[in-house]
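# Structure of the sequence below:
(6 chains)
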6 protein chains.
Amino acid sequence: MTADARRALAGEKAHVLAEALPYIRDFSGKTVVIKYGGHAMESAELAEYFAQDVVLMRLVGMNPVVVHGGGPQITDLMRRLGKEPEFVDGQRVTDAETVDIARMALVGKVNRDVVVSLNQHGSYAVGLSGEDAGLIAVTPRDERLGFVGDVAAIDPSILHRLLNEEFIPVIATIGMDETGQAYNVNADAVAGAIAEALHAEKLVYLTDVAGVYANFPDEDSLVAQIDADGLDALVADGKASAGMIPKLVSCVRALRNGVTRAHILDGRVPHALLLEFFTREGIGTMVSGDAGPRVGETS
Amino acid sequence: MTADARRALAGEKAHVLAEALPYIRDFSGKTVVIKYGGHAMESAELAEYFAQDVVLMRLVGMNPVVVHGGGPQITDLMRRLGKEPEFVDGQRVTDAETVDIARMALVGKVNRDVVVSLNQHGSYAVGLSGEDAGLIAVTPRDERLGFVGDVAAIDPSILHRLLNEEFIPVIATIGMDETGQAYNVNADAVAGAIAEALHAEKLVYLTDVAGVYANFPDEDSLVAQIDADGLDALVADGKASAGMIPKLVSCVRALRNGVTRAHILDGRVPHALLLEFFTREGIGTMVSGDAGPRVGETS
Amino acid sequence: MTADARRALAGEKAHVLAEALPYIRDFSGKTVVIKYGGHAMESAELAEYFAQDVVLMRLVGMNPVVVHGGGPQITDLMRRLGKEPEFVDGQRVTDAETVDIARMALVGKVNRDVVVSLNQHGSYAVGLSGEDAGLIAVTPRDERLGFVGDVAAIDPSILHRLLNEEFIPVIATIGMDETGQAYNVNADAVAGAIAEALHAEKLVYLTDVAGVYANFPDEDSLVAQIDADGLDALVADGKASAGMIPKLVSCVRALRNGVTRAHILDGRVPHALLLEFFTREGIGTMVSGDAGPRVGETS
Amino acid sequence: MTADARRALAGEKAHVLAEALPYIRDFSGKTVVIKYGGHAMESAELAEYFAQDVVLMRLVGMNPVVVHGGGPQITDLMRRLGKEPEFVDGQRVTDAETVDIARMALVGKVNRDVVVSLNQHGSYAVGLSGEDAGLIAVTPRDERLGFVGDVAAIDPSILHRLLNEEFIPVIATIGMDETGQAYNVNADAVAGAIAEALHAEKLVYLTDVAGVYANFPDEDSLVAQIDADGLDALVADGKASAGMIPKLVSCVRALRNGVTRAHILDGRVPHALLLEFFTREGIGTMVSGDAGPRVGETS
Amino acid sequence: MTADARRALAGEKAHVLAEALPYIRDFSGKTVVIKYGGHAMESAELAEYFAQDVVLMRLVGMNPVVVHGGGPQITDLMRRLGKEPEFVDGQRVTDAETVDIARMALVGKVNRDVVVSLNQHGSYAVGLSGEDAGLIAVTPRDERLGFVGDVAAIDPSILHRLLNEEFIPVIATIGMDETGQAYNVNADAVAGAIAEALHAEKLVYLTDVAGVYANFPDEDSLVAQIDADGLDALVADGKASAGMIPKLVSCVRALRNGVTRAHILDGRVPHALLLEFFTREGIGTMVSGDAGPRVGETS
Amino acid sequence: MTADARRALAGEKAHVLAEALPYIRDFSGKTVVIKYGGHAMESAELAEYFAQDVVLMRLVGMNPVVVHGGGPQITDLMRRLGKEPEFVDGQRVTDAETVDIARMALVGKVNRDVVVSLNQHGSYAVGLSGEDAGLIAVTPRDERLGFVGDVAAIDPSILHRLLNEEFIPVIATIGMDETGQAYNVNADAVAGAIAEALHAEKLVYLTDVAGVYANFPDEDSLVAQIDADGLDALVADGKASAGMIPKLVSCVRALRNGVTRAHILDGRVPHALLLEFFTREGIGTMVSGDAGPRVGETS
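Numbering: from 1, shown residues only, chains lettered A, B, ... in the order given. Okay, here's the model as predicted:
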């Protein structure tokens, strides 16, 4: 590279960093709950980018909280243990053995991998299960499903204590009923409920699509910005994909209970979180209660 | 029960509580590392007593830290996954798949069960792996064993931050080398190293024997009190049982590096911790650097 | 004692300690105001038990506050100084010399003895008079009685500052009017008023009877549990003993002003406080605003 | 008064206040132990001035600690109780009854009066005895004297905790041996020992003389400034009065153990403390280790 | 001076100091905003007295905040730079060059001199401009005047942070509009607005007159005490001097927005602040919302 | 721009941000003293970049401290006031009027402009002069130069208090002798002395050259990395430019007194600070005590 080219490159780098200033300033001290999953979790390269992004958020003063499930990993471990998964209406039937396997897969494998990956950059992450300190209390969803729970209550005190000490909580979505029995819980719903309980500034879903479509699966109908009422209408009108519905429902509920903004981001894009939080190029779909402009946005 | 009998019983209860006063006073603010395992972990009833004891220690102002392994649970999950354990010189050969299974068993099953059991009494415990925040750094022990590690260094900062917030750390003994690779580590050794790193007041091993024997397996040779040099001699003279040796070696090392006292307790005795810490009836074997009298003891 | 007997005894001890767990947990951080007096104060043995109980409460995280009077000790010192006590309607006529003698007896003798007894177990207690830092402001009760005061106001700030530093305040019930003149004040009334001012969890009277009787002096009419309205009725119906009336009136007032529970305990029972607070065997009479179940009680 | 006279007076007042500035600045945060006694304690007017001075010291950020005895008050109460004081070599023979009377007189009367007087100006003072929290540990002086103690050790932790909360500790000089037995202790010696234990900036004796005389009782030999060696010589040469000797000996010891300066002030002068601390007119005798200039002094 | 005269003088000094006690007590922790200007700022001697007074206020626990303008200094620098001041309706026409000169005069000269003068007594003062940290936001007053601003908003956070660290903020009254343009602002108005924003206990104007006159310029009509309604009436009735009007208007507004008391003091009197705050001789005019008595005043 | 181009650009932005992670982590909590001046201060565009860089450093947890002089601005104001600058050996002769002008120019103009520029991004900067709180104590350099001072001592306590509150101190290099007289001081020397007094991690000089040349003015002799001894040699061998000498001398001294690294950066490069601190492209010359590798550097 010539000296001039090097100089030009350096100049561009500097501008990118400087461009991040207003975002870093405005998000300092804010809590962001990130539902992590899909391709972003399965690709080793994307997982490393994710870890860098979350640690950087922590370093510039934000309070990221990571929530993850791990359906494929549960299925995989079940099969290795010679147990064929069964589904009712698309939901996994979860007997006592299955919940135990789910716990091993989520807490002993997925959660571990996420925590280890974040901590390659220093000492930041602590792994949690929803069983810890009453974090996720559940009620059974449907007796045909066995130990599949709905969020009954979130006790965020353990998260506050960990955030006080500047940890990044990484939460595996196993919940507990009042007898101490473990349940598998939908991670999209947990992320929304935790964002609510923490009065988070933002709730972020990392997904395997480009964002919300006004008319799924029409690729030209990608929505850059929408509000809670708009999401409600999409679900009511049957225009949302099946996989998107629990995310959208959780978004709407969280936004109506004090969370400021939600984002459906394309987890397949490298550094999706950095792009959304620290550059002018917001990606995916932003959802607000009031459909106002994005932070740092000029008309 | 007659009123008199009730009154007599009440009187006895009161005396037991009052007897605990000097112990509670003297142990307030002190850190105690407890290696948990064996029968005390396998019996549901003993596990519940253990949970009560540890929570009570926390409630009266002590800082308990729990360390556990789980060999039988690893073997069990390996077999369920169709993999037969192999041993060299009595140590498990641990290939990449085995360490992954060990992690699932220890972090996703054993650790979870201990944490849930403690948290039945409130919001106290947080589960950790040695991979968290650089807690347990390891070096490989022997290339024939694969991913079996020796403790190279303990970074206790995550423990300090959790103790600051009055949590009870529960540590699964998976360690990590400098490349981020997970290893299985001996829990007895980890307990001693953590006690050292925390400058703990006490290091406690809950075992399946009555204590240390001066002349194993002669049952009359149970030792109530001994010092580090005495333990050293027992090991050197070949008088210790094979299972006891790693505990004794770890004790000696910890005592010579700042831990005040160590205890080998009979984990089969209900509430063994409470008896040792809060009554005049010390149980098992107490090991001190200087062979001085027990706290609260009169000549 | 045989080994088996020793083991059985140890087991019982352990169970008593474990039984205290939910009480210790629930009372942690709670403030308890204890009116101390009568036989529990006069017997050297009971006084030592009382000291152990109060220090233990402090050690497990409660904030005990001790209030005491000392009528017999005032009378005794008056007589030694050649001054015969005089009473109007059962209340001591208190001229300037008498209030000075009362102060010497209460502050210089009774308060000292209580403080010294508590501090035999460590550094916990600080003696106070109601004259300190505006703690007890009084108005004269009746001009025929001289310097006998009614509580006009409590300024609890000195207590908060002492509790901040984990002291046990021990309060002699000398009050002060706005000119700085000392008055003797009824200790039962002071205890209630201080519990109110501190928003205490509990107000406890240690007395020389088994508790409240529904139909004094019928011994079979002992009441285990009652509410504030019930106490009111007892007093109104003339069924309370003369000595009990000021306690009952103070209880009712405190309960109606934010104190959660009150207890009339038999101070003649060794370790009455430990039994009431840390075992299932509640003793004496418990008074609540809402007549709900006791902490830790199962139906 | 004419407007001009009023204006002149105001001007003078203002200059006095402004003159105090460097003293207030330099003494801020400093600890001063004041031995209070003699005429300054007996005259109601002087006692009120003393209270104003000490509260003012507290208000401008100093940490005053008051130590007092009360020989005349003990004698008086003994006589009222029909007990004639007995002396050996000028020291009171103190049997069990006498020490109990001393405690009533010092703690229940003198200490109370000092505390009440300070608290007329707000909520500042807390009364203590040397029995509190192990403050003054003693050994018996001489078996002929009975319960007369020498200071064996000072545990200043209770003072630190009270000073943390911005209280003014007022200490009655009853000490305690290791069995919990009370002793009478010389207040001059206690003041010095407490100044030492607190690493006080200053130790002040309020006395009934103008200061130290180089050649007692020659009134022209008043010494304005001297150092520890000088005091030593005065005592050795027999030139100090009997009443002054314990003060001088305590001064020398305190100065040699870390106290910066000591002052022998004339307690008969109104506001002696204010004059010494906040004006250019130092009064009485100042004693330093190094005989350097006074704070705020110009050559 | 004879010994007797010296003693008498010392006694008087002591009485002046003791007289300050209730004022020091009552003002401890209170915030006082002082508009500094006029003769008190121009005379080197008065400026030194002012510095002593403000530092003493800080030392006895008050939070003084100093606000100053500097019209004559601006005019002087303009003339030295060859620029003749121009006025419209008595207000300086302030073009871009003038506001730059004003800034140099106020921040680089007047503010510096005040800060240096305070810091002769230690490390207390920090100089600020209204441009710092959004302290004084302005809107243009009148386009004919150019960069002359009216206070639009005060952001007191920088003052809170400086007061937290026990600094004395000294504020030059340059404000800033939302584009970052500097403006000159009336210092009387700024002082009132800052007192409001800080919920100050007191707002003080140091002026070149004896106080407020009920009937200006009748010297016999000096008012010692008045309330906000009274000031309102004076202004409405045209009885206030032109120079006094902005002060009176600012006083009224501040008092109606939470400031407890305001004072118009004669800055020509040496130590005017000490006299007003710490002696019975209040000077000048005191203005209250409710016309109640002064602190420490007896009827 | 096409969607693909936009995506590629976003990817590059994300990589730049991610690249900053290790630098942000390693510099968190570190203090950096920046000597600001030359072209970077004179160009409006570069000044804005400088402000962004410094605020970003603050936002990611560093403690930047800015030091500036302003020779040209002093000269300019002198000339506008009709006073011709005079130099002796290249140093400005500074009479009383000149120092007053220097103070107006530096504090009232240059310092203001820097502070306002930083605070365009929020509430961060506080302007200081070396006269504040004893920050820069000086001794006269040479009587022919008048009020030109050499740094005699730095009292960094005001900086610690401002950094505690997360302010960015901006320091104009006016110093003060012990009589309170102002002096002009060389800003290069002040920056080094302040870095020393703060035990800063880094000392940075923003200059108008590319860095240090091994053989000035040979452009090919630019040095990327050197140690203190190397700088010493350059100065001794006469190979440094006149303007660079005070910087080099100050660097050497600071590095030998505890500052970890120093940097001579080209202030003409936009965002020079961001490039140096947060990218792999270090610019200019880095000086270390031990010539070790840069943070984040790989061999």
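
# Do stretch A:213-224 and chain F come into contact?
No - under the criterion of CB under 8 Å from any CB of the partner chain, chain F is not reached by stretch A:213-224; the shortest gap measures 10.8 Å. Backbone N, C-alpha and C define where each C-beta goes, glycine included.

# For the stretch 151-299 of chain A, what lies in contact range of chain B?
Checking the stretch 151-299 of chain A against chain B by CB under 8 Å from any CB, the hits are A:155, A:157-158, A:161-162, A:164-165, A:167, A:174, A:176, A:180, A:182.

# What is the nearest of these to A:Arg112?
Comparing those against A:Arg112 with CB to CB places A:Ile174 closest, at 13.7 Å.

# re the thing from before, who wins on neighbours among the residues of the stretch 151-299 of chain A next to chain B?
A:Ile174 (30 neighbours; other CB atoms under 10 Å in any protein chain shown).

# Of the residues of the stretch 151-299 of chain A next to chain B, just say which sits nearest to chain E.
A:Asn164 (21.1 Å; CB to the nearest CB).

# Provide a list of residues in contact with that closest one.
B:Glu165 (CB atoms under 8 Å, 6 or more residues apart in numbering or on different chains).

# All the helices of chain A, in order from the start?
In chain A, the segments counted as helices under DSSP state H are A:3-19, A:21-27, A:39-42, A:44-59, A:71-80, A:96-105, A:112-119, A:157-164, A:187-197, A:228-236, A:245-255, A:272-278.

# Pipe these into CSV and attach mean pLDDT per row.
As requested, the helices of chain A are exported to CSV (pLDDT from 0 to 100):
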stretch, mean pLDDT
helix A:3-19, 84
helix A:21-27, 92
helix A:39-42, 92
helix A:44-59, 96
helix A:71-80, 95
helix A:96-105, 95
helix A:112-119, 94
helix A:157-164, 93
helix A:187-197, 97
helix A:228-236, 92
helix A:245-255, 94
helix A:272-278, 92
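
# sorry, back to before: between the residues of the stretch 151-299 of chain A next to chain B, which is closest to chain C?
A:Ser157 (14.8 Å).

# got the contact list for the closest one?
A:133-134, B:123.

# Could you report the distance from it to A:Ala197?
A:Ser157 is 10 Å from A:Ala197, where distance means CB to CB, to the nearest Å.

# Same question for A:Leu118.
Distance, A:Leu118 to A:Ala197, using CB to CB: 22 Å.

# How about the residue most central in space within chain A: which residues does it bridge to?
What sits nearest the mean C-alpha location of chain A, by CA atoms, centre = their mean, is A:Lys35, with 1.0 Å. Judged by DSSP bridges, the bridge partners of A:Lys35 are A:Val67, A:Tyr205.

# is it true that it touches A:Ala195?
No - using CB atoms under 8 Å as the test, A:Lys35 is too far from A:Ala195 to be in contact (9.2 Å).

# which neighbours do the two share?
Joint contacts of A:Lys35 and A:Ala195 (CB under 8 Å, 6+ apart) are A:Leu203.

# What residues sit buried inside stretch A:9-24?
A:10, A:13-24 (16 or more other CB atoms under 10 Å in any protein chain shown).

# With distance to B:Glu219 as added columns, please give the residues you listed in CSV.
Shown next, in CSV, are these (distance: CB to CB, whole Å):
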residue, distance to B:Glu219
A:Ala10, 77
A:Lys13, 74
A:Ala14, 76
A:His15, 78
A:Val16, 74
A:Leu17, 72
A:Ala18, 76
A:Glu19, 76
A:Ala20, 70
A:Leu21, 73
A:Pro22, 75
A:Tyr23, 70
A:Ile24, 68
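
# which one of these is nearest chain C?
A:Ile24 (38.6 Å).

# give the contact list for the closest one.
A:60-61, A:278, F:56, F:59-60.

# can you list the residues of chain A near chain F?
Residues of chain A lying near chain F (CB under 8 Å from any CB): A:6-7, A:9-22, A:24-25, A:28, A:49, A:52-53, A:55-56, A:59-61, A:121-122, A:269-271, A:274-275, A:278-279, A:281, A:283.

# Show me what A:Asp266 bridges to in the sheet.
Under the criterion used (DSSP bridges), A:Asp266 bridges to A:Thr207.

# Quantify the burial of it by counting its neighbouring residues.
So A:Asp266, with other CB under 10 Å, has 21 neighbours.

# show me the contacts for it.
Contacts of A:Asp266 by CB under 8 Å, 6+ apart are A:207-211, A:272, A:283-284.

# Make sure A:Gln225 is actually in contact with A:Ser288.
Yes - contact criterion CB under 8 Å: A:Gln225 and A:Ser288 qualify, at 7.5 Å.

# neighbours around whichever residue of the stretch 151-299 of chain A sits closest to chain F, how many?
Distances from the stretch 151-299 of chain A to chain F, computed as CB to the nearest CB, single out A:His271 as the nearest residue at 3.2 Å. Residues near A:His271, counting by other CB under 10 Å, number 25.

# ok, it - contacts?
A:49, A:52-53, F:11, F:14-15, F:17-18.

# try it again with 6 Å
A:49, A:53, F:14, F:18 (CB atoms under 6 Å, 6 or more residues apart in numbering or on different chains).

# can you check A:Ala133 too?
A:Ala133 touches A:158, B:119, B:123, counting by CB under 6 Å, 6+ apart.

# Can you tell me how far the nearest residue to the first one once chain neighbours are set aside is from B:Ile136?
Counting by CB to CB, 6 or more residues apart in numbering or on different chains, A:Ile158 lies nearest to A:Ala133, which is 3.8 Å off, once chain neighbours are set aside. Taking CB to CB as the measure, A:Ala133 and B:Ile136 are separated by 23 Å.
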